[in-house]
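Novice: No sequence on hand, only this structure:
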């Protein structure tokens with residue numbers, strides 16, 4: 001599985017690169033804090049696979065990186081995606097690296 005660090009994600013954001021960020025946490029978690037990604041909870045990721053871009057890099061993100069890794073594995077196995085990246089450490093790593101005041105639970 002391909003992974004990306006929070007530093008690499010920040011570079012992509014700062015450089016205004018074309019990619020899709022999907023947050024696979026539950027909606028209530030997303031509402032506490034998010035990185036402006038699209039919220040598709042893990043439980044619905046296969047049902048909503050048509051919302052996942054196939055023509056550009058897609059970064060999957062959650063709280064710690066475990067659920068987003070599961071999302072990447074499910075989409076690769078079920079639909080053959082080859083453009084997916086797991087955000088290593090999730091929003092907790094982002095908070096630690098860039099935004100210590102960000103609310104996480």
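Specialist: In hand now; what should we look at? Since we're looking at a predicted model, the values are computed, not measured.
Novice: what's the host helix or strand of residue 11 packed up against?
Specialist: If you go by DSSP states H and E, residue 11 is part of helix 6-14. The helices and strands touching helix 6-14, judged by 3 or more CB pairs under 8 Å, 6 or more residues apart in numbering; DSSP states H and E, are helix 90-98. In this view, the C-beta of every residue, glycine as well, is placed from N, C-alpha and C.
Novice: Return the angle between stretch directions for the helix it packs on and helix 6-14.
Specialist: Orientation check (axes from the mean of the first three to the mean of the last three CA atoms, to 10 degrees): helix 90-98 against helix 6-14 gives 80 degrees.
Novice: residues of helix 90-98 that come out buried?
Specialist: Across helix 90-98, burial judged by 16 or more other CB atoms under 10 Å covers 90, 91, 92, 93, 94, 95.
Novice: returning to what we had before: can you point out the buried residues in the following helix or strand past the helix holding residue 11?
Specialist: Counting by DSSP H and E, the next helix or strand C-terminal to helix 6-14 is strand 20-23. Within strand 20-23, the residues scored as buried using 16+ other CB under 10 Å are 20, 21, 22, 23.
Novice: contacting residues around strand 20-23?
Specialist: Identification of contacts with strand 20-23 by CB atoms under 8 Å, 6 or more residues apart in numbering yields 9, 30, 34-40, 52-53, 56-62, 71, 91.
Novice: and the next helix or strand after that strand, how far from the chain's centre?
Specialist: Beyond strand 20-23 on the C-terminal side, the first helix or strand identified by DSSP H and E is helix 27-32. The chain centre lies 14 Å from the centre of helix 27-32; the measure is CA atoms, centre = their mean, to the nearest Å.
Novice: so what strands line up beside the helix or strand that comes right after helix 27-32?
Specialist: Toward the C-terminus, helix 27-32 is succeeded by strand 38-39 as the next helix or strand (DSSP H and E). Strand 38-39 pairs in its sheet with strand 20-23 (parallel), by DSSP bridges.
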